[in-house]
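Asks: Fold the following for me, if possible:
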Amino acid sequence: KAYKKRPRKTLTQDAEIEELKQLYQNDIKIDDITTFNDIPLSKFTLEGLKQNKYDKPTLIQQHTIVPALKGNDILGAAKTGSGKTLAFLIPILEKLYINKWTRLDGLGALIISPTRELAYQIFECLKKIGCKHDFSAGLIIGGKNLHFETKRMDKCNIVICTPGRLLQHMDENPLFDCSNLQVLVLDEADRCLDLGFYDTMNSIIENLPQSRQTLLFSATQTKSVKDLARLSLHDPLYISPHETSEFCTPKTLQQNYIVCNLEDKISFLFSFIRNHLKQKVLVFISSCKQVKYIYEAFCKLRPGTSLLALYGTLHQERREQIYEEFCAKQNVVMFATDLAARGLDFPNVNWVIQLDCPEDVQTYIHRAGRTARHVHHGESLLVLLPSEEHMINNLKEHKVPINKIQVDSKKLMNPQRKLEALLAEYVNLKESAQRAFIAYIKSVHLMKNKQIFDVKALNTDAYANSLGLVVPPRIRFLQRLNKKDVKDLNFEVSDSDDDVVKIKRKDHDIDINIDVDTKASNKTKIVTKAAQAKKILKKKIIPNTKVVFDEEGAVVKDKAKMMQTDYDDDDVSGINIEKAKEVLRKEDVHDKEKFKEKLKAQRRKTKMKLKNQKQQQQDDFGDLSEEESDVDLSWLPDPDKIYGPQNDDDDEADNAKRKIDDKSELKSAKRKKVDVKDITDNLTLNEAEDLA
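Replies: Okay, here's the model as predicted:
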């Protein structure tokens, strides 16, 4: 049997690439595309799509993939949840595959997203559909190990990143090279190009090569000529399949709004959660500090469902953990800032509540778009203050269908008393509530649209009480703002005498005592530190000096300072070594005397201490001896009556006699010799044994 060589893998790939290039040149009608097999894609991409059950392309994918494969720059705009991520990931994989991109070629595609969570989501999606390709991909976001990323940047073919971390690598990492870049993608392009990332994006674009393909995607696409000029687009195609539709939001999204007072927001939110325990709810709040406080307070109140909080100041690992946990759970409530408003695909979200009014219509559309994704149904609820109702007109102008509903007052529960008790018990929670209160007032003050957001219309005291604060915190920036408003008022009086001639009233009988204070109010002038210093200099006062007086009231002169003044009076310039030695010798003697005095004083102190201790001990023992010496001996008989009176001379004579008698007895005892035989001869046998 003849042996046949198998065709090499590279030969089959080359043939496939040539075939794909020819298909790109053909005119492909969008109406003919019903499945991904109708689009000229490589077998590896088709296998990845099939493995993850992506069979039919969405409307935005039908319109953008084919022009992107041909190398056109694209501005893509579509409704939220319409599949924009695949619309730019598929062209990237195909572009690198046709160019036979390898690890040695370096960076081929760069995807920039405004948030870390969105970058992480794109990276996970790329891993799924590109599992059959041999490209290397890297996720470059803040909060990760910079040293780990630095070593591997030169081996990445596709980089998904946030603007800040990308610019850091461009400035600091010598291995980062984007000279061979083929495709640049900006997801949520309007957010990437706004003022928040303006300087960062300008620096990034300057480092990128001009000969590249650029793809911009967003639900609210920018049409600003300045923004597009910055990116150096070449004949871009604006693709917006939903532009002619009746509404700019999905049809499966039911949108409502309610109007309530500021102090009722917390009670409404708590009541809503208590009545929707078996649903997945996403609550948008304007600031991180508000999210943190509401999450901590509601965890203490225990509404009966799982609670999560996602905001910017959390650690990156914790943010990823919360994101994955919210995606996995079915019955859960998550409080979030606008960090989660753009691009994130949370599955099966039933409700989106916007507790604080969004900044503009675009923010509202992105927030509401976290539900009703991929033809699923969802509900959005916007909570407005009476002063913010003008927002509804703006929404309707941008083709957003929204209806007003009323809240059932019977189901409302006010947790204010419980919150007050919690704040009294937990000091940290009280401080968090104060920070949340100030953060909300600041967020309203910093909003651009003053027709909707009016700080002066807010009932701050009632809002503070609703958070559980008995005393509202001091808002310094608001006080400064009020002072400026008072200064700006016009207090000028007109010079004309027309008002004097006019009759203001006819009832002259009414007597009103009006006391007018003509005295000028003496305002206390604020004295600055500089003014105080000038006053001290004028009075020739030397500050920070210590003066010691003796018992008679005379000033005690410091010897060291006197010696120093003597040496300072010498006007000779330079250093006199001999004189310096002499000065040191004299000061040494003075220092020794001073040290001896200190030692003596210390010894005296210790001696006095010991003396006082001894005196105290003696006093204690003395009290005992006095008590013992006070024994009554009057009951004893008189010895003179019993034994008779005795003189001292007789006593001495008796003592002398006793001594002489004792001595004579001792001498006789020595002289006397006892004969043992004489004693034992007269004894019996038993007596002798006893004696022995």
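
Asks: Not counting sequence-adjacent ones, nearest residue to residue 331?
Replies: Nearest non-adjacent residue to residue 331, counting by C-beta to C-beta, 6 or more residues apart in numbering: residue 278, 5.3 Å away. In this view, the C-beta of every residue, glycine as well, is placed from N, C-alpha and C.

Asks: what helix or strand is the one you found on?
Replies: Here residue 278 sits in a region with no helix or strand, counting by DSSP states H and E.

Asks: So what's the residue count around it?
Replies: Neighbour count of residue 278, defined by other C-beta atoms under 10 Å: 9.

Asks: quick one: low-confidence ranges for this structure?
Replies: 1-9, 225, 484-525, 558-575, 619-634, 644-692 (pLDDT under 70).

Asks: quick revisit: tell me the phi and psi of the residue nearest to residue 331?
Replies: Backbone torsions of residue 278, given as degrees, to the nearest 10, read phi -100, psi 30.

Asks: Also residue 76?
Replies: Residue 76 adopts backbone torsions of phi -110, psi 130, taken as degrees, to the nearest 10.

Asks: does the residue nearest to it when sequence neighbours are not counted sit in a helix, a strand or a coil?
Replies: Distance criterion C-beta to C-beta, 6+ apart; nearest residue to residue 76, sequence neighbours excluded, is residue 217 at 4.4 Å. Following DSSP: H, G, I helix; E, B strand; the rest coil, residue 217 is assigned to strand.

Asks: give me the beta-bridge partners of residue 217?
Replies: Residues in a beta bridge with residue 217, per DSSP bridges, are residue 76, residue 187.

Asks: give me the number of residues near it?
Replies: Neighbours of residue 217 using other C-beta under 10 Å come to 24.

Asks: Please apply the same query to residue 200.
Replies: Neighbours of residue 200 (other C-beta under 10 Å): 17.

Asks: Helix, strand or coil: sort out it for me.
Replies: Classified using three-state DSSP, residue 200 is helix.

Asks: now the residue nearest to residue 331: how far from residue 294?
Replies: 21 Å (C-beta to C-beta, to the nearest Å).

Asks: Also residue 189?
Replies: Distance, residue 189 to residue 294, using C-beta to C-beta: 32 Å.

Asks: what does residue 641 give?
Replies: Distance from residue 641 to residue 294, by C-beta to C-beta: 106 Å.

Asks: Check residue 204 too.
Replies: Per C-beta to C-beta, residue 204 is found 36 Å from residue 294.

Asks: Next up, the contacts around residue 104.
Replies: By C-beta atoms under 8 Å, 6 or more residues apart in numbering, residue 104 lies in contact with nothing.

Asks: which SS class is it?
Replies: helix.

Asks: Could you do residue 381 as well?
Replies: Per three-state DSSP, residue 381 ends up strand.

Asks: quick revisit: I'd guessed the residue nearest to residue 331 sits against residue 333; true?
Replies: No - in this structure, residue 278 is not within contact of residue 333 by C-beta atoms under 8 Å, at 11.3 Å.

Asks: who touches the residue lying closest to residue 70 once chain neighbours are set aside in this structure?
Replies: Closest residue to residue 70 apart from its sequence neighbours, by C-beta to C-beta, 6+ apart: residue 24 at 5.5 Å. Residue 24 sits next to 40, 69-70 when contact means C-beta under 8 Å, 6+ apart.

Asks: hmm, try it at 10 Å
Replies: Residues near residue 24 by C-beta atoms under 10 Å, 6 or more residues apart in numbering: 40, 66, 69-71, 94, 98.

Asks: Please apply the same query to residue 368.
Replies: 80, 249-250, 253, 255, 284, 341, 352, 354, 358, 378-382, 395, 400, 402.

Asks: sorry, back to before: same drill for residue 204 and residue 294, tell me which one is more crowded.
Replies: Remark: of residue 204 and residue 294, residue 294 carries more neighbours, 24 against 21, as counted by other C-beta under 10 Å.

Asks: if I pick that one, what's in contact with it?
Replies: 265-266, 269-270, 283, 285, 307, 309, 335, 355, 432-433, 436, 467.

Asks: any idea how far residue 358 lies from residue 352?
Replies: 11 Å.

Asks: intersection of neighbour lists for the two?
Replies: 284, 341, 367-368, 382.

Asks: Okay, residue 318 and residue 309: tell me how far apart.
Replies: From residue 318 across to residue 309, the span is 10 Å (C-beta to C-beta).

Asks: more crowded one of those two?
Replies: Taking neighbours as other C-beta under 10 Å, residue 318 and residue 309 compare with residue 309 leading, 23 against 12.

Asks: Tally up the residues packed near the closest residue in space to the more buried one that isn't next to it in sequence, please.
Replies: Residue nearest to residue 309 in three dimensions, not counting chain neighbours: residue 295, with 3.7 Å by C-beta to C-beta, 6+ apart. Residue 295 is flanked by 21 other residues according to other C-beta under 10 Å.

Asks: Going forward, count from 396.
Replies: Sounds good: first residue 396 from here, last item residue 690.

Asks: A strand includes residue 690, no?
Replies: No - Residue 690: not assigned to a strand; according to three-state DSSP it is helix.

Asks: just checking, it touches residue 730?
Replies: Yes - the pair residue 690 / residue 730 is scored as a contact, 5.1 Å apart, by C-beta atoms under 10 Å.

Asks: List the residues that are in contact with both of the two.
Replies: Joint contacts of residue 690 and residue 730 (C-beta under 10 Å, 6+ apart) are 678, 680, 702-706.

Asks: Could you export these as JSON lines, including secondary structure and distance to residue 844?
Replies: Below are the shared contacts of residue 690 and residue 730 laid out as JSON lines (DSSP: H, G, I helix; E, B strand; the rest coil; distance: C-beta to C-beta, whole Å):
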{"residue": "678", "secondary structure": "strand", "distance to residue 844": "23"}
{"residue": "680", "secondary structure": "coil", "distance to residue 844": "19"}
{"residue": "702", "secondary structure": "strand", "distance to residue 844": "32"}
{"residue": "703", "secondary structure": "strand", "distance to residue 844": "31"}
{"residue": "704", "secondary structure": "strand", "distance to residue 844": "28"}
{"residue": "705", "secondary structure": "strand", "distance to residue 844": "26"}
{"residue": "706", "secondary structure": "coil", "distance to residue 844": "24"}
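
Asks: Kindly reformat those residues as TSV containing distance to residue 628.
Replies: Formatted as TSV, the shared contacts of residue 690 and residue 730 follow (distance: C-beta to C-beta, whole Å):
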residue	distance to residue 628
678	38
680	37
702	45
703	40
704	39
705	34
706	35
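
Asks: so, if you compare these, which one comes nearest to residue 782?
Replies: Taking C-beta to C-beta as the measure, residue 782 lies nearest residue 680 of these, at 18.4 Å.

Asks: Give the full set of residues in contact with that closest one.
Replies: With contacts defined as C-beta under 10 Å, 6+ apart, residue 680 is in contact with 660, 664, 686-690, 704, 706, 730-733, 748-751, 831, 834-835, 838.

Asks: That one and residue 483, how far apart?
Replies: Taken as C-beta to C-beta, the span from residue 680 to residue 483 is 31 Å.

Asks: Same check on residue 504?
Replies: Distance of residue 504 to residue 483, computed by C-beta to C-beta: 9 Å.

Asks: what touches both of those two?
Replies: What both residue 504 and residue 483 touch, as defined by C-beta under 10 Å, 6+ apart, is the set 578, 580, 610.

Asks: if I pick the second one, what's in contact with it?
Replies: By C-beta under 10 Å, 6+ apart, residue 580 lies in contact with 463, 469, 480, 482-484, 486-487, 504-508, 517, 553, 555, 608-612.
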